[in-house]
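# Any chance you could fold what I've pasted below:
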Amino acid sequence: LKEGFSFWGKNSDLSQSWPRFLMAVILGIVISKPLEVRIMQTEINAELSAKQEKYEFTLNKQSDSLIDAKIAVIKARLTPVEKQVNDNQKYIEQRRLEIKEQRKQLELEAEGKTGSGTAGRGPAWRDKKENLDKMEVELEKLAQKYAGDEQSLKQRIQGYEKEIAALDLERADRQKKNKERAHQLDGLIERIKISHDIGGWIPIFLMFMFIIIEITPLLFKMMMTKTPYDYLSENKNAMILANNGIIFHA
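Numbers count the residues shown, from 1 in each chain. Next comes the predicted model:
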């Protein structure tokens with residue numbers, strides 16, 4: 001090693017220069033990151049776009065899962081009500097067809113086309129007709145009761161359908177917000193992460209390049225040989241300190 005350059009010891013060049021080395025490393029990292037993002041801007045944008053779409057898909061999936069669960073609860077209440085309305089209507093219609101068919105058979109019997117083959121409307125025919133009339137009256141009363149119940153049931157159905165429609169609107173609103181949230185994934189930190197994932201050796205090369213640029217002047221100064229001017233300057237400073245009564249002990 002040349003005179004004036006020492007690695008170790010309390011007053012060595014290296015021990016006195018480590019803060020500058022640390023600062024050079026920090027500056028090298030800080031300066032290199034925006035540059036690497038700029039150099040790989042096209043590749044980063046493509047990867048970032050795919051990442052945003054994936055993030056948006058994940059957010060939508062979570063939102064859909066939540067909305068679908070709420071809709072499933074409402075439909076679990078809605079289905080029995082709809083079934084009750086349909087069953088009531090089906091029962092009334094089926095009973096009307098049965099009574100109509102029985103009246104048809106009764107008329108055929110009066111004409112002698114069924115049963116004993118004897119035409120006429122005797123006591124048996126009148127009993128059957130009265131019975132059918134009673135059944136029809138009771139059926140109409142039941143139909144009226146079902147009609148009143150149906151109005152109430154349909155109001156409940158409309159309420160459930162409005163809740164489902166509101167949840168569908170909430171789904172659309174959540175998807176819109178998810179899209180905005182996904183596009184907010186566009187900060188410098190995220191771009192730096194992507195550059196590290198796809199950049200390979202480029203980020204490392206840029207970082208070391210700037211670190212070397214920062215520490216080169218310091219290394220150059222540390223490796224310089226002392227000249228007569230340096231000794232004269234040191235002696236001059238020592239004399240000034242001595243004249244002022246300042247003494248350093250090793």
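# tally of neighbours for the residue lying closest to I213 once chain neighbours are set aside?
Of all residues not flanking I213 in the chain, G28 sits nearest, at 7.6 Å (CB to CB, 6 or more residues apart in numbering). In this view, the C-beta of every residue, glycine as well, is placed from N, C-alpha and C. Neighbour count of G28, defined by other CB atoms under 10 Å: 20.
# surely G28 meets F210?
Yes. Counting by CB atoms under 8 Å, G28 touches F210, with 3.8 Å between them.
# ok, E140 to L153 distance?
20 Å (CB to CB, to the nearest Å).
# Same check on D186?
The value you get for D186 to L153, if CB to CB is used, is 52 Å.
# out of those two, which sits in the more crowded spot?
Neighbours were counted for D186 and for L153 using other CB under 10 Å; L153 has more, 17 against 13.
# Surely that one is in contact with P80?
No. With contact defined as CB under 8 Å, L153 does not reach P80; the gap is 9.9 Å.
# if I look at the two, which residues touch both of them?
Common contact partners of L153 and P80 (CB atoms under 8 Å, 6 or more residues apart in numbering): none.
# Would you list the phi and psi of W201?
phi -80, psi -10 (degrees, to the nearest 10).
# From K83, how far off is it?
68 Å.
# Of the two, which one has the most company?
Set side by side, W201 and K83 show more neighbours around K83, with 10 against 7, by other CB under 10 Å.
# how far out from the middle of the chain is the helix or strand hosting that one?
Assigned by DSSP states H and E, K83 falls within helix 41-110. With CA atoms, centre = their mean, to the nearest Å as the basis, helix 41-110 stands 26 Å off its chain's centre.
# next structured bit after it?
The helix or strand immediately downstream of helix 41-110 is helix 123-183, counting by DSSP H and E.
# Show me what that following helix is packed against.
Other elements packing on helix 123-183 under the criterion 3 or more CB pairs under 8 Å, 6 or more residues apart in numbering; DSSP states H and E are helix 41-110.
# now the angle between helix 123-183 and the helix it packs on, please.
Per axes from the mean of the first three to the mean of the last three CA atoms, to 10 degrees, the angle that helix 41-110 makes with helix 123-183 is 180 degrees.
# Quick check: which helices or strands does helix 41-110 pack against?
helix 123-183, helix 188-199.
# switch to 10 Å and redo it
helix 13-39, helix 123-183, helix 188-199 (3 or more CB pairs under 10 Å, 6 or more residues apart in numbering; DSSP states H and E).
# To what extent is Q89 buried, counted in neighbours?
For Q89, the neighbour count with other CB under 10 Å is 14.
# and it, what does it touch?
In this structure, Q89 makes contact with A143, Y146, A147, E150, judged by CB atoms under 10 Å, 6 or more residues apart in numbering.
# give the contact list for the third one.
Shown in contact with A147 (CB under 10 Å, 6+ apart): N88, Q89, I92.
# do the same with the last one
Contacts for E150 were tallied using CB under 10 Å, 6+ apart; they are Q84, V85, N88, Q89, A143, I157.
# Please name the residues that touch the first one.
Q84 is in contact with Y146, D149, E150, L153, R156, I157, counting by CB under 10 Å, 6+ apart.
# quick one: it and L97, what's the gap?
Here the distance between Q84 and L97 works out to 21 Å (CB to CB).
# so E161 sits right up against L78, yeah?
Yes. At 7.5 Å, E161 counts as touching L78 under the criterion of CB atoms under 10 Å.
# Need the residue closest to the centroid of the protein.
Central residue of the chain (CA atoms, centre = their mean): L59, 1.1 Å from the mean position.
# Apart from its chain neighbours, what residue comes closest to that one?
Counting by CB to CB, 6+ apart, L59 lies nearest to N178, which is 3.8 Å off, once chain neighbours are set aside.
# Am I right that that neighbour is in contact with Q62?
Yes. With contact defined as CB under 10 Å, N178 and Q62 form a contacting pair (8.5 Å).
# more neighbours, those two?
N178 (19 against 12).
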